[in-house]
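Colleague: fold the stuff below for me.
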Amino acid sequence: MDKFENEMCLTFQAKSCNEALARMTVAAFLTPLNPTLEELADTKTAVSEAVTNAIIHGYGEKEGIVELWCARKGREVFFHVKDTGYGIADIKTAMEPMYTTKPEMERSGMGFSFMEAFTDELTVESAVGEGTLVKMKKVIG
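Modeller: Residues are numbered from 1 along each chain as shown. As a prediction, this is how the structure comes out:
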């Protein structure tokens, strides 16, 4: 197992009001690395998109818990967003730009595209009925 200089885990209810909590937590976690405003905004957006997907697509109307894990090793920062919701049947299709399972909510279908654009590495693991784990890596500086 990798040895991290710092790591934390935050669990919260799958409610839209907690998206801001996730963004602020990530910003605070990055502070010791003195990120640029662009690095900070990119990372907060990527994590926010993952959390939003967990809440809206992972759980829909049902209650659930989202887990946000952050770790740092040198200038590399790792973020995992996990839900135990519906899961994704076809990850490749779900990651296509403009794809959404909630068109009635006027979702843009750009969540994974933003995560991919604003991080250095993105991996998605999912199983139908078991949930989804989004893993992101960002190098700061």
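Colleague: the nearest residue to residue 127 once chain neighbours are set aside and residue 43: what is the separation?
Modeller: Distances taken as C-beta to C-beta, 6 or more residues apart in numbering put residue 87 closest to residue 127, at 5.0 Å, once the chain neighbours are dropped. In short, each C-beta sits where N, CA and C put it, glycine included. To residue 43, residue 87 is 25 Å away according to C-beta to C-beta, to the nearest Å.
Colleague: more crowded one of those two?
Modeller: Using other C-beta atoms under 10 Å, the more surrounded residue of residue 87 and residue 43 is residue 43, with 24 against 17.
Colleague: which SS class is the nearest residue to residue 129 once chain neighbours are set aside?
Modeller: Of all residues not flanking residue 129 in the chain, residue 87 sits nearest, at 5.6 Å (C-beta to C-beta, 6+ apart). Recorded secondary structure, residue 87: coil (DSSP: H, G, I helix; E, B strand; the rest coil).
Colleague: packing partners of the helix or strand of the chain with the lowest mean pLDDT?
Modeller: Here the helix or strand of the chain ranked lowest by mean pLDDT, DSSP states H and E is helix 91-94, holding a mean of 80. Where contact means 3 or more C-beta pairs under 8 Å, 6 or more residues apart in numbering; DSSP states H and E, helix 91-94 is packed against strand 121-127.
Colleague: contacts for the strand it packs on, please.
Modeller: Contacts to strand 121-127, defined as C-beta atoms under 8 Å, 6 or more residues apart in numbering, come from residues 87-88, 91, 94-95, 112, 115-116, 132-137.
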